[in-house]
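*Asks:* test case, fold it:
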Amino acid sequence: MTSSTTTAPSATPASLTSVFVRLKLSLLRNGLRQSSGRKAVWITSLVLVALFAALQLLGLIALRGHAHVGAMTVLLTVVLAFGWAVVPLFFPGGDETLDPTRLVMLPLRPAPLVRALLVASLVGIGPGFTLVILVGAVIATAHGAAAAAVGVPAVALALLVCLALARAVATANVRLLTSRRGRDLALLSGVVIAVGGQLVNLAMRELNGLGMARLEPVADVVRWIPPGSALDAVRAAGDGAYGRAATGLAVTALGLAALLWWWGQGLTKLMTAPDSSTLGAASTGRDTARGAGRPGLAALLPAGRTGAVMHRTLRYIWRDPKTKASWVSGLAVGALVPVVNAAQGMSSIWFALFAPTMLGLQMYNQFGMDGSAFWMVLQTIGSPRETYAELRARALALGLIAVPYVALVVTGTAAFTGKWWQWAEVLGLSLALLGTLFATGAVTSVLAPYSVPQDSGFKNVAPGQGAIAWFGMLGALVGAVLCAPLVGLVVWLHVAGAHGALWTLLPAGAAYGVLTAWLGLRAAAPRLASRLPEVLTAVSKG
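*Replies:* Below you'll find the predicted structure:
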C-alpha cells in the first residue's frame, strides 16, 4: 500500500507596498478610535481642509485665461513643495510613519521600503489637499488637448516630488526630530507661521496693487526647479513648445529620482549606523574638563553669584524649549511689526516700541520656568540682600540681549523709514520703557508667580492659575504708565519747538530706565525674601 503525501500550496506573500498601505490605514483608524475628541478634531480638520481646497480650486479655475497665470501656478507648486519639506521639521508628531527608526529591526531592503513608504504617503488629508491644488493649477494653465495630456503626468510627478521631499527630509533629520532640538522646532512653529503669514500678506498686497506681472521674473528662474518645471511643461505644451514641455517633465522626473536616491541612502544609513543606544557610554577626561568652569563667552560674566545666575538664566533661554520659544516670539514680533507697518505705508518709527515691549515682558514670571527646581535657588537665599542679587542678575542677563536688540531695531526702523531725526527720542523712550517693564516684571514675579508646565504642549500656565497670569500681565500697563514723565517731556519739547534739544531724550531715557529698574528690583527683593515658600508652592504646581 503506497502512502502519498499531500503538500498544501504555500500562500503568496503580500507585497510590501500593500502591507504598508494597510498599516497606514490601520494607524489612522486606530488613532481615531482612541477618543471621541480626537475623532472630532480629525473630522473638523477634514471638513475645513476640504472647504479651503474647494475655494482654492474655484479660484484657480477663475484665473484660467489670465496672461500671467502660468507664472503663478509655477510659484504655487514650488511653494507647496517647500511646505512639504519644512512641515516635518516643525510637526514631527503629525505622522507616525515619518519615523523610519520604528522599522530598524525588520529585514527590509531600502528600495522596496522606499516604494512602499512613498505609496503609503498618498493616504492622508495633506496629499489630498495637494492633489486638489495641483489639479486646479493644471486646469488654470492648460489650453488644448496636448496641455491636458501633459497635465496628467505633471500632477503625478509634482505630487510624488512633494511626498518624497517630505520623507527624505524627515529621514535625514530623524535624530533631530526625536531630540530636544526637535521639540524646540515644534514650539517655534507658531513663530514661523506668523512670520510666513505676514510675508504672504505683504506679497498679496503687492500683487493686488501691481498684478501678477510681478511674478514673471521670479517664475523665469523657478520654472526650472522641480516640481515647478512640471507645471511649466503644461504651459509649454499649450503654447506648442513640445520640446520644452518634455524637458520640464524630464527635469521633474530627474528631481524625483534624485530625491528617491537621497531618501534610500538616508534609510540605509539610518538602518545600519549605530546610535547612542548601542554604544557604550565611555566617559573621558575631556568631558570632565568641559564641565569645569564657564567655557566660551560665559567666562566674561562677573564672578560670584551674579555671574552664576546670569549664566543659568542665559542657559535657560538657549536650552529650555518654552523659554526659547517665548524669546524667539518676542524677538520676531519686535522686529516684524515696524517692518511690516513700514512696508504697508505706515512709516512711523514709533512702531519700534514693540521691541522693548516684547522683550520687557520676558522679565515677568521669572520663577515660573524654574518650577520645582526653585527650591535649589531658595536654599541659597537667606536675606533680602541675596534676593536682590538674584533678581539683579536675572535682569542683567535679560538686559544683555534686550538693550542691544532694542537699539538695533530702533536704528533699523529709522533707516527703513528715513526718519533719522526721531532716532534719539525713540531710542531714549524705548530704553525707558524697557527699564520700567523690568521693574514691574520683578515685582509681579514675586507677587503673582505661576507655574509653566513643561510637558503640556503649548500651555504656558498650569491649570487653575490663569487668573494669576492675567493679573501679573497687568504689570505691563503699570510699566507703560511709569513712562509718563518721559512721554510728557517728549510732547513738551515738540510743542515748544525745541527740536534741537530732542537728542537729550536719549541719555535721559537711558538714565530713567536704569533708575526705575533699580527701584523695582529694590522694592521686589525684601518681598521675595518673605515669600519664598509661597513662590515655591506656586511655581511647583505644573
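
*Asks:* so residue 108, which state does it fall into?
*Replies:* Three-state call for residue 108 (DSSP: H, G, I helix; E, B strand; the rest coil): coil.

*Asks:* contact partners for it?
*Replies:* 16, 271 (CB atoms under 8 Å, 6 or more residues apart in numbering). C-beta here means a position set from N, CA and C on the backbone, and glycine is covered the same way.

*Asks:* what do you get for residue 71?
*Replies:* Per CB under 8 Å, 6+ apart, neighbours of residue 71: 212, 215-216, 218-219.

*Asks:* and residue 398, how far from residue 359?
*Replies:* Counting by CB to CB, to the nearest Å, the gap between residue 398 and residue 359 amounts to 7 Å.

*Asks:* what does residue 387 give?
*Replies:* Using CB to CB, we find residue 387 at a distance of 23 Å from residue 359.

*Asks:* what about these two, which has more around it?
*Replies:* residue 359 (26 against 23; other CB atoms under 10 Å).

*Asks:* now that one, nearest residue through space, not along the chain?
*Replies:* Leaving aside its sequence neighbours, residue 359 sits nearest to residue 402 (CB to CB, 6 or more residues apart in numbering; 4.1 Å).

*Asks:* could you count how many residues lie near that neighbour?
*Replies:* 28.

*Asks:* so what pLDDT did it get?
*Replies:* For residue 402, the model assigns a pLDDT of 92.

*Asks:* by contact count, what packs against the helix or strand encompassing it?
*Replies:* In the assignment (DSSP states H and E), residue 402 maps to helix 384-417. Secondary-structure packing of helix 384-417 (3 or more CB pairs under 8 Å, 6 or more residues apart in numbering; DSSP states H and E): helix 304-319, helix 321-343, helix 354-360, helix 423-447, helix 505-530.

*Asks:* and residue 22, which of these is closest to it?
*Replies:* helix 321-343 (35.8 Å; CB to CB).

*Asks:* what distance separates that closest one from the centre of its chain?
*Replies:* Its chain's C-alpha centre and that of helix 321-343 lie 11 Å apart, by CA atoms, centre = their mean, to the nearest Å.

*Asks:* what's the angle from it to helix 384-417?
*Replies:* Orientation check (axes from the mean of the first three to the mean of the last three CA atoms, to 10 degrees): helix 321-343 against helix 384-417 gives 30 degrees.

*Asks:* mind giving me the packing neighbours of helix 321-343?
*Replies:* Contacts defined by 3+ CB pairs under 8 Å, 6+ apart place helix 321-343 against helix 180-187, helix 189-210, helix 304-319, helix 354-360, helix 384-417.

*Asks:* list the helices and strands the shortest one packs on?
*Replies:* Helices and strands in packing contact with helix 354-360 are listed as helix 321-343, helix 384-417, helix 423-447, helix 466-482; criterion 3+ CB pairs under 8 Å, 6+ apart.

*Asks:* gap between residue 480 and residue 110?
*Replies:* Applying CB to CB, the value for residue 480 to residue 110 is 60 Å.

*Asks:* ok, residue 421 next?
*Replies:* 64 Å.

*Asks:* who's more crowded, the two?
*Replies:* residue 110 (19 against 12).

*Asks:* isn't that one right up against residue 267?
*Replies:* Yes. The pair residue 110 / residue 267 is scored as a contact, 4.9 Å apart, by CB atoms under 8 Å.

*Asks:* before we move on, the earlier item: tabulate the helices and strands packed on helix 384-417 (JSON lines), appending distance to residue 408.
*Replies:* Listed next are the helices and strands packed on helix 384-417 as JSON lines, based on distance: least, CB to CB, whole Å:
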{"stretch": "helix 304-319", "distance to residue 408": "17"}
{"stretch": "helix 321-343", "distance to residue 408": "8"}
{"stretch": "helix 354-360", "distance to residue 408": "8"}
{"stretch": "helix 423-447", "distance to residue 408": "10"}
{"stretch": "helix 505-530", "distance to residue 408": "15"}
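
*Asks:* which one, of these, ends up nearest to residue 227?
*Replies:* helix 321-343 (29.8 Å).

*Asks:* pLDDT of that closest one, averaged?
*Replies:* 79.

*Asks:* quick check: angle from that helix to helix 304-319?
*Replies:* 70 degrees.

*Asks:* got a list of what residue 536 touches?
*Replies:* Residues near residue 536 by CB under 8 Å, 6+ apart: 372, 374-375, 378.

*Asks:* can you check residue 234 too?
*Replies:* Per CB under 8 Å, 6+ apart, neighbours of residue 234: 73, 138, 141-142, 147, 150-151, 154, 245.

*Asks:* which one of these is nearest to residue 465?
*Replies:* residue 73 (49.8 Å).

*Asks:* now do the SS call for that closest one.
*Replies:* Applying three-state DSSP: residue 73 is helix.

*Asks:* and it, what pLDDT?
*Replies:* 88.

*Asks:* kindly report the same for residue 192.
*Replies:* The score at residue 192 is 58. That number is its pLDDT.

*Asks:* residue 539: neighbour count?
*Replies:* Neighbour number of residue 539 under other CB under 10 Å is 26.

*Asks:* next one: residue 218
*Replies:* Neighbour count of residue 218, defined by other CB under 10 Å: 13.

*Asks:* quickly note the distance from it to residue 235.
*Replies:* Counting by CB to CB, the gap from residue 218 to residue 235 is 15 Å.

*Asks:* ok, now residue 255?
*Replies:* From residue 255 to residue 235 the distance is 18 Å (CB to CB).

*Asks:* more neighbours, those two?
*Replies:* Higher neighbour count among residue 255 and residue 235: residue 235, with 27 against 22, using other CB under 10 Å.

*Asks:* related to what we said a few turns ago, which of the helices and strands packed on helix 384-417 comes out lowest on mean pLDDT?
*Replies:* The weakest mean pLDDT among these belongs to helix 321-343, with a mean of 79.

*Asks:* closest to residue 27 out of the contacts of residue 536?
*Replies:* Nearest member of the contacts of residue 536 to residue 27, counting by CB to CB, is residue 372, at 36.1 Å.

*Asks:* and the closest one, backbone torsions?
*Replies:* Dihedral pair for residue 372: phi -70, psi -20, per degrees, to the nearest 10.

*Asks:* ok, now the one 10 residues further on?
*Replies:* Per-residue torsions, residue 382: phi -130, psi 0 (degrees, to the nearest 10).
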